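Colleague: Just to be clear, the model below is a prediction. Sequence and coordinates:
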Amino acid sequence: MLRGVPECDRHVYPIRKDGSMKKIFTLFGAALLAFAVVSCGDAKAKKTKIGVSIPAADHGWTGGVIYSAEAAKQKLEAANPDYEIIISTARDAAEQVNKIENLLVQGVRAVVVLPQEPGPLTSVCEAAKKQGAFLVTVDRGLDKPIQDVYVAGDNAGFGRTAAQALVKALGGEGDILVMEGIPCVVNTDRVEAFKAEIAKHPGIKILESQSAYWDTEKGLKLMENYLQKYPKIDAVWVGDDDVLVGALKALEESKRRDVKLMLGGGGAKLIVKRVLDRDPIVQMTVTYPPKMIEVGIEAAIDGLKNGGKAKETKIVMPSEVVTPENAQAFYFPDSIY
C-alpha cells in the first residue's frame, strides 16, 4: 500500500513527481470551502427579514427611538437567529416612503413603521400589505386602519400622570404654568387630561397655558415671558424634556428662587440624570416610552410566527413617573437621547 492511499485506489490517485496528487487534494479542499461559503450565504438569505422604518433623530425622543431600535435588533436577533432586523431612518416623509419601498425590494416579511406623517405613508404601507407583509404602526396612526398591530403611547395617561405627580409634589397648593406642544391631537389629549386632573384640586391654579411647540428655543423664550409676567410661580408643567432644557436655562439666568418644580416628559438622558442626582427643581420626569419601537418589533416577530395573525391588535404603553428612587432603571448613558 502506498502511504495514505489504499491499495485498491492506486489507479484513481496516481502519484507523480509533478505533484498532481497534491493538486487534486488542493482543488478538492477548495471545492469544499466554496460549498461551505455558499451554504452559509444561503442560510443567511433564508432568514426572515423585518424592516423597521423610523424618523431620523431630529429631537430627543426620536433619538431615543433609534437607540431603542438598535438595542432591540441585537437582543431580538440573538433570541431569534432565523430573523434579520433591518433598521432604516428617514429625514422626512418622502424619504421614508422611498426607504420603505427599498425594504420591500429586499423582501421583508414585516414592516414596523413610525410614520413621519400619516398621509404620505399610508399608500406605501398599503403596498406593503398587498405584498403580504405584516404591518405594525408605532406611536402615530395612518389615514386608514390597515395595520395588523398598533403600538401607542398613552397620551391622555401622559398628561394625567404628570398632573398627579405635580399635585403630590406641591401638596395640593400652588400657582402653575403650562407649556403645550405643537397643536395636534397628541397635544390635545395630553393637555386636556392634565387640566382635567388639576381641576380636581382647587388649591392648584393654572395661571396660563401657551405652546412651546416641543422646541428648546421656544421653551426658553416662553419661560422668559412667563418669568416677566408672573411674580410668583410655584411650578411649570413643560411636558417635554427638550423644551425643559430651554425653560431651565431661562430660570437659571433669571436667578428666581420661587419656582419649586419644573416637570418635563419623555425621559431624556440629560433630564433623567438630573433626577438621579436629586436636582432641587427637576425632581422627576414622566416617560413617553421610546421602547415602544422594541414592542413593535416583538409584535412583528410574534405575528409572523403565528401565521400572520396578531396576538393583540393594539398595545398601549403606559407613562411612568421617574423619581430619584427608580431613575437608574431609565438612565442609559450611551444613548444619544
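Modeller: Thanks, I have it.
Colleague: And the strands in this structure, which stretches?
Modeller: Secondary structure of the chain, counting by DSSP state E: strands at 48-55, 83-90, 110-113, 134-138, 149-153, 174-180, 204-211, 235-237, 261-263, 285-286, 314-317, 321-322.
Colleague: excluding its backbone neighbours, what's nearest the most centrally placed residue in the chain?
Modeller: Compute the mean C-alpha point of the chain, and by CA atoms, centre = their mean the closest residue is residue 65, 2.2 Å away. For residue 65, ignoring the flanking residues on the chain, the nearest one in space by CB to CB, 6 or more residues apart in numbering is residue 290 at 4.5 Å. Bear in mind the C-beta positions are built from the backbone N, C-alpha and C, glycine included.
Colleague: I'd like the distance between that neighbour and residue 133.
Modeller: 24 Å (CB to CB, to the nearest Å).
Colleague: quick one: which of the two has more around it?
Modeller: residue 290 (29 against 25; other CB atoms under 10 Å).
Colleague: give the contact list for that one.
Modeller: 61, 64, 65, 67, 68, 267, 337 (CB atoms under 8 Å, 6 or more residues apart in numbering).
Colleague: now do 7 Å
Modeller: 61, 64, 65, 68, 337 (CB atoms under 7 Å, 6 or more residues apart in numbering).
Colleague: Kindly reformat these as a markdown table containing pLDDT.
Modeller: Output for the contacts of residue 290, formatted as a markdown table (pLDDT from 0 to 100):
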| residue | pLDDT |
| --- | --- |
| 61 | 76 |
| 64 | 82 |
| 65 | 88 |
| 68 | 88 |
| 337 | 65 |
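Colleague: Just give me the closest of these to residue 95.
Modeller: Closest approach between the contacts of residue 290 and residue 95, by CB to CB: residue 65, at 16.2 Å.
Colleague: Please point out which parts of stretch 77-85 sit buried.
Modeller: 77, 80, 83, 84, 85 (16 or more other CB atoms under 10 Å).
Colleague: Which parts of the stretch 1-150 of the chain are helices?
Modeller: Remark: helices assigned in the stretch 1-150 of the chain by DSSP state H, counting those that start in this stretch are 20-45, 60-79, 93-105, 118-130.
Colleague: lowest-confidence stretch among those?
Modeller: The weakest mean pLDDT among the helices of the stretch 1-150 of the chain belongs to helix 20-45, with a mean of 47.
Colleague: Now do stretch 73-84: distance to the chain's middle.
Modeller: Chain-centre distance of stretch 73-84: 17 Å, with CA atoms, centre = their mean, to the nearest Å.
Colleague: Any chance of JSON lines for the strands of the chain, columns distance to residue 332 and mean pLDDT?
Modeller: Shown next, in JSON lines, are these (distance: least, CB to CB, whole Å; pLDDT from 0 to 100):
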{"stretch": "strand 48-55", "distance to residue 332": "17", "mean pLDDT": "96"}
{"stretch": "strand 83-90", "distance to residue 332": "17", "mean pLDDT": "97"}
{"stretch": "strand 110-113", "distance to residue 332": "21", "mean pLDDT": "98"}
{"stretch": "strand 134-138", "distance to residue 332": "19", "mean pLDDT": "97"}
{"stretch": "strand 149-153", "distance to residue 332": "18", "mean pLDDT": "94"}
{"stretch": "strand 174-180", "distance to residue 332": "25", "mean pLDDT": "98"}
{"stretch": "strand 204-211", "distance to residue 332": "29", "mean pLDDT": "98"}
{"stretch": "strand 235-237", "distance to residue 332": "24", "mean pLDDT": "98"}
{"stretch": "strand 261-263", "distance to residue 332": "21", "mean pLDDT": "98"}
{"stretch": "strand 285-286", "distance to residue 332": "14", "mean pLDDT": "95"}
{"stretch": "strand 314-317", "distance to residue 332": "17", "mean pLDDT": "94"}
{"stretch": "strand 321-322", "distance to residue 332": "12", "mean pLDDT": "95"}
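Colleague: any chance of these in TSV, plus distance to residue 296?
Modeller: As requested, the strands of the chain are exported to TSV (distance: least, CB to CB, whole Å):
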stretch	distance to residue 296
strand 48-55	8
strand 83-90	11
strand 110-113	4
strand 134-138	4
strand 149-153	5
strand 174-180	27
strand 204-211	29
strand 235-237	28
strand 261-263	28
strand 285-286	21
strand 314-317	8
strand 321-322	22
